Structure formats: C-alpha cells, structure tokens
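Chemist: Please work out how this folds:
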Amino acid sequence: MRFGKTLLYTLLLTVAGSLGAQETLSLDTCRARALRANHGLKQAEAKVDETKALEKAALMQFFPKVSANGGYLWMQRSVKLLSEEQKERINHMGDNMQADISEALHNELDPVPAFGSALADRLSNALSSSGAVDKVNALGHEITQGLETDTRNMGGGMVTLTQPVYMGGKLVALHRSAALMHSLAGVELGKKQQETLIAVDEAYWQVVSVQHKKTLASQYEALLDTLEHHVQLLVEADMATKGDLANVRVKHNEARMDLTKATNGLRLSKMLLAQRCGMPLNSDFVLAEALEKDDEPFDAKNAPQGVRGEIRMLRIADSLAREGVRTAASTMKPNIAVSGGYLLTNPNIFDGFSNTWGGTWLAGVVVNVPLVHPAGIYAVKAAKAKRREVACQLQEAEQLIALQVEKLRCELETAYLHLDEAESNLEAAEDNLELANESFQAGMCSSSDLMAAQTAWMKAGTEVIDARIEIEMGKVYLHQALGN
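Modeler: Reported below is the predicted structural model:
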C-alpha cells in the first residue's frame with residue numbers, strides 16, 4: 001500500500017458529495033460574487049458615473065447659456081429729473097415770455113417820440129389778452145408733469161443669451177481634461193476590480209491549501225493512532241518498552257493538535273473567503289477546484305503582456321498635465337463672447353417713465369484682452385514643470401514594472417522546479433514509509449524509525465501542497481504584473 005497518494009489527488013468534489021447539503025463554489029463563482037459585493041467597486045463605479053457627467057457638463061460650455069433675471073425695488077422717494085427751480089421756470093414759461101417780450105418792446109419803441117411807449121403797452125396788452133401766455137404756461141406745466149417719475153416701486157426683468165466665441169482655448173482644455181478624468185476613473189475601476197479578484201484568489205487558494213493540509217493531518221493522525229495501538233500491543237507482549245509507547249503518544253498528541261489547528265484554520269479561511277464574496281461568515285460550502293499538477297505548465301517567459309493600470313494612469317496624468325499647460329496659457333489670451341437678450345422694465349423707461357411695462361431687444365459683443373499678466377506666465381511654467389514631473393514618474397514606473405515582471409517570471413519557474421522536487425521527495429517518502437511499515441510489521445525496525453518515516457511523509461506532502469499553491473498564486477501575480 002502506498003500512503004499519501006489518496007490525499008494529494010483527492011478532489012474536493014468527493015468531500016462535497018459526502019456532505020451533500022453544502023454549496024459547491026468554483027473560483028469563477030467566487031470572483032463574480034466578490035465583484036458584485038465589493039463596496040469599493042461600487043464607489044469606483046459611482047466615480048465613473050460622476051466623471052462622465054462632468055465630461056458632459058464641460059461639453060455644454062461650448063453651447064449658449066440662457067438666463068433670466070428679475071427684481072423689485074421700493075424707494076421712499078421718486079427720482080426727480082428737474083429741480084424745483086427748473087420746474088418753476090418751466091411752469092411759468094408764458095409769464096416769463098410775456099415779460100421778456102414786453103421788455104423788448106419797450107426797449108425798441110420807447111425811444112419813438114409821442115406814441116412809442118403807448119404802442120409798446122398796447123402790444124403787450126394785446127399779447128396778454130390773446131391767451132397765448134396761458135397756453136404757454138399750460139404747456140410748461142404739462143412738460144413738468146410729464147417729467148415727474150413715480151419710481152418708488154420699480155420692477156424689471158431680463159432674459160439673456162450668451163455664446164462664447166473664443167476663450168483662449170480654456171474650454172477645449174476643460175473638455176479634454178474632463179474626458180481624461182473619466183478615462184482615469186475607468187482605469188481606477190479596472191484596477192480596483194483586479195485587486196478584488198486577487199484578494200479572492202488569495203482567499204480561495206488558502207482554503208484549498210488548508211483543506212488539503214487538514215486531510216493530510218487527519219491521515220497522519222490516523223497513522224499515529226494505528227502505530228500507538230500496535231506499540232501498546234507490543235508493550236503488553238514485552239516486545240517494546242513503555243518509553244517507546246510514551247514517544248508515540250507524544251507524537252500522537254502533537255498530530256491531534258496539528259489537526260485541530262488545521263480544522264480551525266480551515267474554518268477561519270472559509271470565513272475570510274465568504275467575507276470577500278459578500279456571503280454570511282457562517283456560510284457552509286466546499287470548493288470545486290482540485291489541487292493538481294498542471295498537465296501543461298504555464299509558460300512564464302512567453303506570457304502576453306498588456307498595459308498595467310499604473311502605466312495607463314500615469315499616461316492619463318501626463319495628458320492632464322498637458323491640458324493644464326493649455327489652461328494656464330489661456331489666461332493670457334483674448335476672450336470673446338456675444339450676448340443678446342430682452343429687457344423689460346416698469347416704470348417704462350422707453351415711454352417717459354410711465355407706470356407700464358416696456359421692453360427692448362439687446363445685442364452686444366464683449367472682448368477681453370489681457371495686457372499685463374505676470375501671474376499667468378508663472379502658472380504656465382508651473383504647469384510645464386508638473387508635466388516633466390509626471391514624465392519622470394512614468395519612465396520610472398515602466399522600469400520598475402519591467403523588473404517586477406522579470407522577478408515574478410523567475411519565481412514562477414522556480415516554483416515549478418520546487419514542485420517537481422517536492423513530488424519526487426513525496427514519492428520517495430511514500431516508498432520509505434511503505435518499507436518502514438513492512439519492516440515494523442516484521443519486527444525489523446523500531447517504532448521511532450516508523451515515526452520518522454511518517455513525519456518525513458507528512459513533511460513531503462505539506463511541501464507539495466505549498467508548491468502547488470505557490471504556482472497558482474504565482475500565475476495570479478504574474479498576470480497582474482503583465483497587465484492582463
């Protein structure tokens with residue numbers, strides 16, 4: 001009989017079949033559940049939606065803006081266009097005109113002998129009796145009344161349309177920056193998804209590892225239990241000492257403790273995997289994958305390489321820095337905008353301040369040309385320095401990633417060599433255990449020799465499990481480093 005073969009090539013589906021009621025989870029199922037349950041991913045998805053809305057908001061800056069404004073103002077006193085002196089003069093325009101004409105007539109006719117003064121008086125009286133003076137006075141009064149404004153209650157409104165024509169390039173830079181921020185949020189979402197999947201893979205393969213180690217510990221404990229029983233019989237037959245039995249019991253107790261630790265470790269590992277998959281911590285399940293050697297080892301040297309999320313983020317940061325230069329430079333360029341609208345007021349300023357509503361259409365062009373702008377010069381210099389900084393970060397990141405990829409490739413190749421060595425050691429340990437068991441049954445070796453063989457078999461089996469887990473996680477980490 002070859003001990004240990006049953007352990008390392010036993011599928012977890014066999015365990016699931018014996019338990020029946022337990023849910024069977026595959027690695028893909030765990031990944032899908034983790035992606036749905038991860039709160040960090042939900043935040044990253046919200047960030048993508050936010051930046052998409054900001055990108056559209058930046059695009060809307062190119063289109064006209066329409067606004068409406070209205071207001072009401074109460075004043076204790078009305079606005080007066082004429083002073084009291086002016087009003088007095090206008091109200092008595094006829095009287096003043098008559099006085100001026102009478103004075104002019106006397107100045108002209110008084111020097112005429114005999115009838116000059118009398119003629120001037122008769123003409124002045126004729127003008128007064130004609131009613132013209134009263135008519136002119138009435139006209140003056142009408143004028144002053146017309147210039148009286150009732151501006152104690154004023155209301156107004158205006159609808160304006162403004163269309164940017166040229167803003168120095170800042171609107172284009174703003175829209176490009178918003179689009180880049182949206183792309184950056186998408187990259188961050190992908191990076192978060194990758195981190196989530198790696199965390200699930202780590203927890204998943206940890207459960208697989210502990211499950212197999214528990215089975216190995218259970219078989220090891222069963223071997224020691226059988227050995228203790230045989231040594232007990234030998235002691236009773238005076239063929240072994242009580243010291244031999246004590247040594248076996250110590251080793252057996254250690255095996256029981258290791259089995260208990262493995263059982264507790266499996267429970268905690270399952271709780272961690274359940275937490276990362278968004279499942280209740282007390283969920284009962286088994287895993288579908290078996291821990292077996294690959295038929296075709298992963299070719300680490302020729303694995304395809306994509307673009308790492310960090311590199312994509314730095315490239316986007318470089319593009320953002322370029323748009324930052326354009327935005328800074330736009331502050332030193334002319335800005336042109338056209339506007340139009342409709343103005344409505346009460347009192348009506350277009351009809352002698354009458355208490356009615358009146359309005360008019362408006363149109364205009366606004367041009368702003370910066371003449372002296374030293375702050376803008378330094379802002380451009382700062383933006384250019386920022387872009388050089390990002391370029392250096394990008395170059396450094398590419399070099400570090402190349403080193404990381406090569407390191408992981410070497411580690412994965414070493415893991416395959418380690419697995420071959422561990423399996424060879426396990427095969428030798430199994431042969432040695434079989435021979436030691438036969439020799440012990442034949443009385444040709446001691447219980448200590450058999451325990452040493454069992455311990456060597458246990459250690460070799462553990463190394464095989466660790467090597468296979470190392471390969472699985474090595475592939476995960478290499479795919480991440482390659483940007484796949």
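Chemist: May I see the domains of the protein written out as residue ranges?
Modeler: When the chain is parsed with automatic domain parsing, its domains come out as 5-69+167-482, 83-150.
Chemist: which one of those is the most hemmed in?
Modeler: Comparing these by mean neighbour count (mean count of other Cβ atoms under 10 Å), domain 5-69+167-482 ranks first with a mean of 16. Backbone N, C-alpha and C define where each C-beta goes, glycine included.
Chemist: for that domain, what is the average pLDDT?
Modeler: Computed over domain 5-69+167-482, the mean pLDDT rounds to 88.
Chemist: which stretches of the stretch 101-250 of the chain form helices?
Modeler: Under the criterion DSSP state H, counting those that start in this stretch, helices of the stretch 101-250 of the chain are mapped to 116-129, 132-146, 170-236, 242-276.
Chemist: could you pull out the helices for the stretch 351-484 of the chain?
Modeler: 374-441, 447-482.
Chemist: Relative to residue 213, which of the ones you listed is closest?
Modeler: helix 447-482 (5.9 Å; Cβ to Cβ).
Chemist: now the angle between helix 374-441 and that closest one, please.
Modeler: Angle, helix 447-482 to helix 374-441, by axes from the mean of the first three to the mean of the last three Cα atoms, to 10 degrees: 160 degrees.
Chemist: got the contact list for residue 187?
Modeler: Residues in contact with residue 187 (Cβ atoms under 8 Å, 6 or more residues apart in numbering) are 309, 312-313, 316.
Chemist: make it 10 Å
Modeler: Neighbour list for residue 187: 48, 307-316 [criterion: Cβ atoms under 10 Å, 6 or more residues apart in numbering].
Chemist: now the helices of the stretch 351-484 of the chain in a markdown table, with distance to residue 192?
Modeler: Converted to a markdown table, those look like this (distance: least, Cβ to Cβ, whole Å):
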| stretch | distance to residue 192 |
| --- | --- |
| helix 374-441 | 18 |
| helix 447-482 | 13 |
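Chemist: nearest to residue 214, of those?
Modeler: The nearest among these, by Cβ to Cβ, is helix 447-482 at 10.5 Å.
Chemist: what about that closest one, distance to the chain center?
Modeler: Put simply, helix 447-482 sits 41 Å off its chain's centre (Cα atoms, centre = their mean, to the nearest Å).
Chemist: before we move on, what about stretch 67-81?
Modeler: Relative to the centre of its chain, stretch 67-81 is centred 48 Å away, using Cα atoms, centre = their mean.
Chemist: Sort out which residues of it are buried, please.
Modeler: For stretch 67-81, burial by neighbour count (16 or more other Cβ atoms under 10 Å) applies to no residue.
Chemist: coming back round to it: quick check: which of the helices of the stretch 351-484 of the chain is nearest to residue 283?
Modeler: With Cβ to Cβ as the yardstick, what comes closest out of the helices of the stretch 351-484 of the chain is helix 447-482 (22.1 Å).
Chemist: packing partners for the closest one?
Modeler: Counting contacts by 3 or more Cβ pairs under 10 Å, 6 or more residues apart in numbering; DSSP states H and E, helix 447-482 is packed against helix 5-8, helix 170-236, helix 242-276, helix 374-441.
Chemist: Which one of these lies nearest to residue 23?
Modeler: Nearest to residue 23, of the helices and strands packed on helix 447-482 and by Cβ to Cβ, is helix 242-276 at 10.6 Å.
Chemist: show me the contacts for the nearest residue to residue 467 once chain neighbours are set aside.
Modeler: In this structure, residue 467 finds its nearest non-sequential neighbour in residue 419, 4.0 Å apart by Cβ to Cβ, 6 or more residues apart in numbering. By Cβ under 10 Å, 6+ apart, residue 419 lies in contact with 293-294, 297, 463-464, 466-468, 470-471.
Chemist: let's see it at 8 Å
Modeler: Contact analysis of residue 419 by Cβ under 8 Å, 6+ apart lists 293, 464, 467-468, 470-471.
Chemist: pretty sure residue 206 contacts residue 268?
Modeler: No: look at residue 206 against residue 268 with Cβ atoms under 8 Å: they stay out of range, at 9.5 Å.
Chemist: Residue 172 is in contact with residue 327, correct?
Modeler: No: shown here, residue 327 and residue 172 do not form a contact pair, counting by Cβ under 8 Å, at 9.5 Å.
Chemist: what touches both of these two?
Modeler: Joint contacts of residue 327 and residue 172 (Cβ under 8 Å, 6+ apart) do not exist.
Chemist: Run through the residues that contact residue 178.
Modeler: Residue 178 makes contact with 51, 54-55, 57-59, according to Cβ under 8 Å, 6+ apart.
Chemist: again, only using 6 Å
Modeler: For residue 178, the contact set (Cβ atoms under 6 Å, 6 or more residues apart in numbering) comprises 54-55, 58.
Chemist: so residue 458 sits right up against residue 220, yeah?
Modeler: Yes: in terms of Cβ atoms under 6 Å, residue 458 counts as a neighbour of residue 220; the distance is 4.7 Å.
Chemist: Mind naming the longest strand for the protein?
Modeler: Taking DSSP state E as the criterion, the chain has its longest strand at strand 153-166.
Chemist: what lines up beside it in the sheet?
Modeler: Strand 153-166 has its sheet partners listed here by DSSP bridges as strand 65-74 (antiparallel), strand 335-346 (antiparallel).
Chemist: Other residues contacting stretch 241-261?
Modeler: 217-218, 220-221, 224, 227-228, 231, 235, 447, 451.
Chemist: about what we covered before: Serialize the strands paired with strand 153-166 to CSV and add fields for distance to residue 439.
Modeler: Formatted as CSV, the strands paired with strand 153-166 follow (distance: least, Cβ to Cβ, whole Å):
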stretch, distance to residue 439
strand 65-74, 95
strand 335-346, 97
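Chemist: quick one on the thing from earlier: any chance of the domains of the chain in JSON lines, with distance to residue 157 too?
Modeler: Shown next, in JSON lines, are the domains of the chain (distance: least, Cβ to Cβ, whole Å):
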{"stretch": "domain 5-69+167-482", "distance to residue 157": "5"}
{"stretch": "domain 83-150", "distance to residue 157": "19"}
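Chemist: Among these, which comes closest to residue 161?
Modeler: Checking these against residue 161 by Cβ to Cβ gives domain 5-69+167-482 as the closest, at 5.1 Å.
Chemist: Please name the residues that touch residue 211.
Modeler: Contacts of residue 211 by Cβ under 6 Å, 6+ apart are residue 266.
Chemist: Kindly provide the distance from it to residue 286.
Modeler: To residue 286, residue 211 is 8 Å away according to Cβ to Cβ, to the nearest Å.
Chemist: same deal with residue 382?
Modeler: 59 Å.
Chemist: same check, this time on residue 133
Modeler: Counting by Cβ to Cβ - residue 133 and residue 286 are separated by 119 Å.
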